[in-house]
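K.L.:
Structure for this input, please:
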Amino acid sequence: MKQKILSIIACVMSILGCRAQSVEFASVDTFTTANQRSTAEGKVNSTNVYVHCIKHGSLSINVGDKWIYVDPVTDKVPPVTDYTTMPKADYILITHEHGDHLDAKAIEQLTKDGTTPIVNPRSSEILGGKGEVMRYGDSKEINSWKVDAVPAYNTSADKQKFHPKGRDNGYVLTIEGLRIYLAGDTEPIAEMQDIKDIDVAFLPCNLPFTMTPEQLSEAAKTIHPKVLFPYHYGKTDILHVVKLLEGSGIDVRIRQYQ
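P.N.:
All right, here's what the predicted structure looks like:
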């Protein structure tokens, strides 16, 4: 009976995407790349891309034996995450220097020979010059994939002190035709009109620092991704976002990104 109860609890946790320290990755979503490749046997293969929810603004992306981490954080955001239990990173994308996005301890835990941190200029300064710096408009090839740095900033007068224009990054990651937009901390901005053909988008919704649910809905309708993950949402009533986007054709998926 005890084992049966534990199995039921584990199943429920998996469905809800709940986090527990005994679970390495609490929630995984699978996407198939747009580009197909012919094999030596004449078969046509696509590639699976696995997106793992960690917490808050932290996630990882796994393709084959390659691992990309986005804004990994250990103890600055609960629950404490021990990255030594996870696969080492090939690439680490850092959007900006705030403590819930830039954590030298997490980067150290994930680093192996050949790990490449990709950072905005200020984060590189804080890390003592480490990392490959990208500014908006920069593009970089990684493992035959592409990373584009895009703007991320606040526009509301009372929020510009949090994320001023010209400092922080968002990223668009293109993996064999699959396009993933990692917005970082931002509000709806004019530059979002140029972010096109997005398959998967991560948009923040954490007051007072980023978007309201209404702003997130506005941004989502501008970008119009196939799949949307609201993330970095703190205590926001995130189900309100789902309601606002009903009928939009956007697949809104709620995971534990508090």
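
K.L.:
now the helices: where do they sit in this structure?
P.N.:
2-16, 104-110, 121-126, 213-223, 239-244 (DSSP state H).

K.L.:
In contact with the closest residue to T47 other than its chain neighbours, which residues are there?
P.N.:
Leaving aside its chain neighbours, T47 sits nearest to T33 (4.4 Å; criterion: CB to CB, 6 or more residues apart in numbering). (Each C-beta comes from the backbone N, C-alpha and C, glycine too.) T33 makes contact with 46-49, 175-178 under the criterion CB atoms under 8 Å, 6 or more residues apart in numbering.

K.L.:
Make a ChimeraX selection of whichever of the residues you listed turn out to be buried.
P.N.:
In ChimeraX, this line selects whichever of the contacts of T33 come out buried by 16 or more other CB atoms under 10 Å:
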select :47,49,175,176,178
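
K.L.:
now, the most widely separated pair of the contacts of T33?
P.N.:
The largest separation in the contacts of T33, counting by CB to CB, is between N48 and G177 at 13.1 Å.

K.L.:
So D251 sits against A220, correct?
P.N.:
No. The pair D251 / A220 is not scored as a contact, 10.8 Å apart, by CB atoms under 8 Å.

K.L.:
These two: which has the busier surroundings?
P.N.:
Neighbours were counted for D251 and for A220 using other CB atoms under 10 Å; A220 has more, 24 against 12.

K.L.:
How about the contacts made by that one?
P.N.:
Counting by CB under 8 Å, 6+ apart, A220 has contacts 201, 203, 228, 245, 248, 250, 252.

K.L.:
low-confidence ranges in the stretch 1-150 of the chain?
P.N.:
Flagging of the stretch 1-150 of the chain using pLDDT under 70 yields the residue ranges 1-26, 36-44.
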